[in-house]
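> Next input, structure requested:
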Amino acid sequence: MSRQFAICPFCGCGCGMHLEVFDGRLIAALPSQVHPAGAGRLCLRGWQAGTLVQSSRRLLVPQAAGKQASWEDALRAAAEGIRALAAEGPQALGVLGSGYLTNEEASATRLYATQALRTPNLDNFAWALDGGSIWGLEQTLCIPYRSPVLPEIASADVILCLSSSLCADNPQAAGYIMAAAEAGATVIVADEVDQGLRELSTLWVQHKPGARAALLQVLWSALGAPGELSAKQRDTLQQAGVDAGAFAEMCAALRKAKRLALVFSTTTVQTPAEAAHIAEIVMLLNASGQQEAAVFALRAQCNSVGVNDMGLVPGEGRARERGLSLYEMLAEPTPLRALVVIGEGLEKFVGEQGLQALRERLDFLLYLGGYQTATSELADVALPMTTWGETEGTFTCHDGSIWPLHQVVPPTGESRYLPEILRDLSVAQGGPPLPADLPSLRAEISRQVFGYRLVNWEQVAAGQRAVASAVPSEDSAEVQIPADELPVPIEAGPERPYTLLVRRDTGSWACDPRARGAEIVERELAGHRAPFLVINPQTCRNLETREGRSLTISTAFGSQTLPVRCSPGVPPEVVMLPWQFRDVARALAGPLHLDAASRAGYHLPVAAALENPSQS
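Below is the predicted model of the structure:
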């Protein structure tokens, strides 16, 4: 039996673990007792990580035109399909990479897009989840963002958490908040719904959907100018649905804080304006010299930092006009003729119906991944790549620390290492032979990526901690923050008295094929496959229905009849739709709002009506 260190491949926690291999098979994933993120703990997903390699959902052989093919034939079909459309110019081609790729795989993906395809249309899926808030932080702080290490949350005497969903989004951060609370820290949770963290809080501050930015701006103003709130500030808080007494308690706690941790998930705090106000609050408190404040922006994918550092971004940066971002590539109508998707299925972001519509607009779709997805089934060519446990490489965690991933088992089926696939694909298209081995890729990273120039890769491979300095951004755009931030206007009225909120819940992993291949996780997520609404129990009683039965929800965009579940954490006037049901979200909440600066997208809350169809 052998044991190798690895970083968990699921969420953005970056937990350390040890992989146990017996007789050539990966049999277990065990928590690392010394790694700073997990400190000997793993969540349910982490404990099941050892099942990923043997998953029944693995993509094992190349496919072309919906049939199994040899590698030679599949590469030829992929090269011919892309080469035929490349003649129309680089703007006709696009490349999307997963936030689960290693740094070396991400670097190879960038080289393929820029040197083989010569297209500026390059982006990563992690930015679709993290982009708005990370952009807002970086442009306000005027430096690339790196999070402090998670254990520092436990040493804070005051914690302001803006995401009640951390138990699902980032269990380790939630654990450190719990440890701080047990040590006597003041824990303030401010959110539009309660998804579990309220019970740990000393103070709960509720606001209406779409009102977080307004609340944060008034908070920043109040902290900077102690005293009575102005009439305009009081009116803003009232519009935001914030209790004046709870707000005053929050201000008092933040003023007394010696060490403040401001914690949020990037899938909850999504807009640049919200993140900009958070950065303003932290800078204000630190400027006093009497307080120490830090922002813990908890990203969604395990290598969110690394793939952005490696340059999987549009053109020459997100403020440039040349390259298309993820949501611009997926827009209707799409300007693309061919799309290369690497490491993750598009259905996670556009839904299966949206994927079908996108496929009809594209002339050619190439998928490279380790798992069967709806995207692989619709692709003209699908190429199997090695996955976590079969691949040597590195991840860059939220604090900039670089950790090794080791190959502990041989590739499954006919899967191959992604850089090797991209090299052969480039050559088959008539392009250059791209770097495909670890030494060459790491030399390329050290040469091209500023923050990695001094990294000693041999020491990293040996398990010695290295830190990548923040990569300077070439972008110069600024966050446009209104002088008087107001809640997002929701056209509520007698006909539509409710507010529909699209938001991630504990079942957001249901759309991840890796999680579906883990038996225990699959069982836990079984109830999150089909769309449903979450409402307050009182709403259920008012409409004379019960949990499990269906209600018809109508908005300005459309209507759907869906089963309901009850949660006391959802206010009576709010209806929550879990984020993973992308087709339903688009039908009820309309298209994503695309932020012009960060080029990230998110749903705005909309007015809705509920009706019991059995009473019609």
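> name the helices or strands packed onto whichever strand or helix holds Arg586?
Using DSSP states H and E, Arg586 maps to helix 582-589. Packed against helix 582-589 by the contact rule (3 or more CB pairs under 8 Å, 6 or more residues apart in numbering; DSSP states H and E) you find helix 347-361, strand 498-503, strand 559-566, strand 574-578, strand 606-611. In short, each C-beta sits where N, CA and C put it, glycine included.
> Tell me which of the ones you listed lies nearest to Ala596.
For these, the distance to Ala596 is smallest for helix 347-361, at 19.0 Å, taking CB to CB.
> Can you give me the buried ones in that closest one?
In terms of neighbour count (16 or more other CB atoms under 10 Å), helix 347-361 has its buried residues at 347-352, 354-355, 358-359.
> now, the most widely separated pair of these?
Across these, no pair lies farther apart than Lys348 and Arg359, at 15.1 Å, counting by CB to CB.
> Which secondary structure state does Leu441 sit in?
Following DSSP: H, G, I helix; E, B strand; the rest coil, the label given to Leu441 is helix.
> Excluding residues flanking it in the chain, which one is nearest it?
With sequence-adjacent residues excluded and distances taken as CB to CB, 6 or more residues apart in numbering, Leu441 is closest to Glu104, at 4.3 Å.
> And for Ser165?
Sequence neighbours aside, Gln195 is the residue nearest to Ser165 in space, at 4.0 Å (criterion: CB to CB, 6+ apart).
> residues contacting the residue nearest to Leu441?
Glu104 sits next to 392-394, 419, 438, 441-442, 445 when contact means CB atoms under 8 Å, 6 or more residues apart in numbering.
> hang on, it in a strand?
No. Glu104: not assigned to a strand; according to three-state DSSP it is helix.
> Would you list the phi and psi of Trp220?
Recorded main-chain torsions at Trp220 are phi -60, psi -40, according to degrees, to the nearest 10.
> So it sits against His277, correct?
Yes. Taking CB atoms under 8 Å as the definition, Trp220 is a contact partner of His277 at 5.7 Å.
> more neighbours, these two?
Neighbour count, other CB atoms under 10 Å: between Trp220 and His277, His277 has more, with 27 against 21.
> How confident is the prediction for Glu485, by pLDDT?
If you check Glu485, the pLDDT there is 61.
> what about Ala74, is that helix, strand or coil?
Secondary structure, three-state DSSP: Ala74 is helix.
> so can I have JSON lines of the contacts of Glu104 showing secondary structure?
JSON lines is the format used below for the contacts of Glu104 (three-state DSSP):
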{"residue": "Glu392", "secondary structure": "coil"}
{"residue": "Gly393", "secondary structure": "strand"}
{"residue": "Thr394", "secondary structure": "strand"}
{"residue": "Pro419", "secondary structure": "helix"}
{"residue": "Leu438", "secondary structure": "helix"}
{"residue": "Leu441", "secondary structure": "helix"}
{"residue": "Arg442", "secondary structure": "helix"}
{"residue": "Ile445", "secondary structure": "helix"}
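> Contact partners for Ala28?
19-20, 50.
> Who is Leu610 paired with across the strands?
When assigned by DSSP bridges, Leu610 has beta-bridge partners Ile553.
> Surely it and Thr539 touch.
Yes. Judged on CB under 8 Å, Leu610 makes contact with Thr539 at a distance of 7.2 Å.
> Let me have the contacts of Ala28 in JSON lines, adding secondary structure, distance to Arg565 and neighbour count as columns.
Shown next, in JSON lines, are those (DSSP: H, G, I helix; E, B strand; the rest coil; distance: CB to CB, whole Å; neighbours: other CB atoms under 10 Å):
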{"residue": "Leu19", "secondary structure": "strand", "distance to Arg565": "36", "neighbour count": "23"}
{"residue": "Glu20", "secondary structure": "strand", "distance to Arg565": "38", "neighbour count": "17"}
{"residue": "Gly50", "secondary structure": "helix", "distance to Arg565": "31", "neighbour count": "22"}
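> Throw the helices and strands packed on helix 582-589 into a markdown table and include mean pLDDT and distance to Ile553, thanks.
What follows is the helices and strands packed on helix 582-589, written out as a markdown table (pLDDT from 0 to 100; distance: least, CB to CB, whole Å):
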| stretch | mean pLDDT | distance to Ile553 |
| --- | --- | --- |
| helix 347-361 | 94 | 17 |
| strand 498-503 | 96 | 7 |
| strand 559-566 | 97 | 6 |
| strand 574-578 | 97 | 6 |
| strand 606-611 | 96 | 5 |
